[in-house]
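Visitor: predicted model, plus sequence, below.
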Amino acid sequence: MRERTLMIMHYLTGLGILVSGTIHVYVVFLTVPANLTAWESTLSFDGFQFAILPVYRNLALALSLEILLICTTYHGLNGLRIILYELFQGRSARTYVKYALFAIGALLLIYGTRTIIIAHSIGGP
Amino acid sequence: MRNEIILKVYRFDPTSGKPPTYKRYSVPITERETVLDALLYVKEHQDATLSLRFSCRMAVCGSCGMLIDGLPRLACYTQISELDTDEIEVRPMSNYPIVRDLVVDMSGFFEKHRSVMPWLIRRDVREQNQPTKQYLQSDEQLLEYLQFSYCIKCGLCYAACPVVTAMDEFLGPQALAQLYRYIRDSRDEGATERLKSAGEFNGVWRCHFAGSCSQVCPKGVDPALAIQLLRRRTLFMK
Ligand code: SF4
Ligand code: FES
């Protein structure tokens, strides 16, 4: 893909992070109880079902989380690509970097999407 | 007012197999003397083997770029008094292969300059080769690119650029500023082609906006600004 296209996607995913990230933070902010013990329980494996995850039974919110996942993965890995291209120069090194990041991105997306699907389907009582 | 300074000059002959050294020369100076004057004094009176490049002695030809006390500057445009020191270190510009002493190989730099097609492009090939008329411009149209046309291709910005240091494929501040200069020229019809090349891997996206290019330019060109403006145009292709 051409560099210009990759960079346009970089900017767009940056905007996507801003929008979907705001939704995510806002949802967490509304959901999480004010006291600290309850907050910790939302982060622990046992307590999670009673706090944040049920929110993602809502399809629109689950989709916004998926968008956040896609945007952060692309934006982050593309940023890393730019740094690595300066560290490892030459056409063949660039090819390795590209495919390695592509594989990492695919794994992150698969694992993240699986988690979101689980949250969407079994999230909470 | 000092009447003598020490010039600490980088000496290196890549063909000799010996490592680079610094040699110190004591040089008598007078008021308003430039670093180039002092170097030429050394060459004439103390060491004829010292190699350096110069021509116009008035900041026009762009050939006397070197690192003077660590900063890329034109030797003919740097007064000794402004440095306010007893010892001046002179080295060849960074980011260029060294030919000998203070002379660097600028062919890569000029190659990149050529790659941005620094000439007016007309869609009509016949008109391009045999123009039939003058292409008039208003003052406003001229002002769109005027500051970028002051570039004398001295290469100081290229020596100051940290991205060029890290990645020699990067077109560099000078070439990109010239690319922008021609895009903004109302007589030019090659914007689409130019923007395509600006958007390539080695183009505008590689700039980290360190801004050192604009800091060192002796002609008041602002390549960092040109690159940022070019980025926006590359994004929208217009
Ligand atoms: S932009 Fe300035 S520093 Fe760079 S080559 Fe042109 S005149 Fe020299
Ligand atoms: S000798 Fe021409 S610019 Fe210095």
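Guide: The structure has been received and is ready for your questions. Residues are numbered from 1 along each chain as shown, chains lettered A, B, ... in the order given. Ligands and ions are numbered 1, 2, ... in the order given.

Visitor: low-confidence regions, chain B specifically.
Guide: For chain B, residues meeting the criterion pLDDT under 70 lie at B:1.

Visitor: residues from it in reach of ligand 1?
Guide: Applying C-beta under 6 Å from any ligand atom, one finds that chain B approaches ligand 1 through B:151-157, B:174, B:177, B:217, B:219, B:221, B:223. The C-beta positions use only the backbone N, C-alpha and C, and glycine is treated the same way.

Visitor: if you set the cut-off to 5 Å instead, what comes out?
Guide: By the rule C-beta under 5 Å from any ligand atom, the part of chain B lying against ligand 1 is B:151-152, B:154, B:156-157, B:174, B:217, B:219, B:221, B:223.

Visitor: now, the residues you listed that are in helices?
Guide: Counted as lying in helices by DSSP state H, out of the residues of chain B next to ligand 1, are B:156-157, B:174, B:223.

Visitor: could you work out the most separated pair of the residues you listed?
Guide: B:156 and B:223 (10.3 Å; C-beta to C-beta).

Visitor: got any residues that touch both of these two?
Guide: Residues touching both residue B:156 and residue B:223 (C-beta atoms under 8 Å, 6 or more residues apart in numbering or on different chains) are residue B:217.

Visitor: possible to save the ones in helices among the residues of chain B next to ligand 1 as JSON lines with neighbour count?
Guide: Listed next are those as JSON lines, based on neighbours: other C-beta atoms under 10 Å in any protein chain shown:
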{"residue": "B:156", "neighbour count": "27"}
{"residue": "B:157", "neighbour count": "31"}
{"residue": "B:174", "neighbour count": "30"}
{"residue": "B:223", "neighbour count": "29"}
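
Visitor: farthest pair in the residues of chain B next to ligand 1?
Guide: B:152 and B:223 (12.8 Å).

Visitor: residue B:104: how many residues sit nearby?
Guide: If you count neighbours by other C-beta atoms under 10 Å in any protein chain shown, residue B:104 ends up with 22.

Visitor: one more: residue B:204?
Guide: Neighbour number of residue B:204 under other C-beta under 10 Å is 28.

Visitor: can you tell me the element residue 25 falls in?
Guide: Because you didn't say which chain, this covers chain A. Secondary structure from DSSP states H and E places residue A:25 in helix A:3-31.

Visitor: my bad, the chain I had in mind was chain B
Guide: Element membership of residue B:25, judged by DSSP H and E, is strand B:21-28.

Visitor: helix or strand right after that strand?
Guide: Following strand B:21-28 toward the C-terminus (DSSP H and E): helix B:35-41.

Visitor: against which helices or strands is that next one packed?
Guide: In terms of contacts (3 or more C-beta pairs under 8 Å, 6 or more residues apart in numbering or on different chains; DSSP states H and E), helix B:35-41 is packed against strand B:4-11, strand B:21-28, helix B:80-83, strand B:87-91.

Visitor: run the last query once more with 10 Å
Guide: Using 3 or more C-beta pairs under 10 Å, 6 or more residues apart in numbering or on different chains; DSSP states H and E, the elements in contact with helix B:35-41 are strand B:4-11, strand B:21-28, strand B:65-68, strand B:71-74, helix B:80-83, strand B:87-91.

Visitor: please export the C-alpha coordinates of that helix as CSV.
Guide: Written as CSV, here are the backbone C-alpha positions of helix B:35-41 (Å, rounded to 0.1, in the frame of the first residue of the first chain):
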residue,chain,number,x,y,z
VAL,B,35,36.0,31.9,9.1
LEU,B,36,36.6,31.4,5.4
ASP,B,37,39.2,34.2,5.5
ALA,B,38,41.0,32.5,8.4
LEU,B,39,40.9,29.1,6.6
LEU,B,40,42.3,30.7,3.4
TYR,B,41,45.0,32.3,5.5
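
Visitor: that one close to ligand 2?
Guide: No: using C-beta under 5 Å from any ligand atom, we find that helix B:35-41 stays clear of ligand 2, coming within 6.3 Å at best.

Visitor: what does that helix rub up against?
Guide: The contact list for helix B:35-41, computed with C-beta atoms under 10 Å, 6 or more residues apart in numbering or on different chains, reads B:5-7, B:9, B:25, B:27-30, B:33-34, B:50, B:52, B:54, B:57, B:64, B:66, B:68-69, B:73-80, B:82-83, B:88, B:90, B:101-102.

Visitor: buried sites along stretch B:75-87?
Guide: B:75-78, B:80, B:83 (16 or more other C-beta atoms under 10 Å in any protein chain shown).

Visitor: stretch B:57-75 too?
Guide: Residues B:57, B:59, B:61-69, B:72-75 are the ones in stretch B:57-75 that count as buried (16+ other C-beta under 10 Å).

Visitor: with adjacent residues omitted, what lies nearest to residue A:94?
Guide: residue A:85 (5.9 Å; C-beta to C-beta, 6 or more residues apart in numbering or on different chains).
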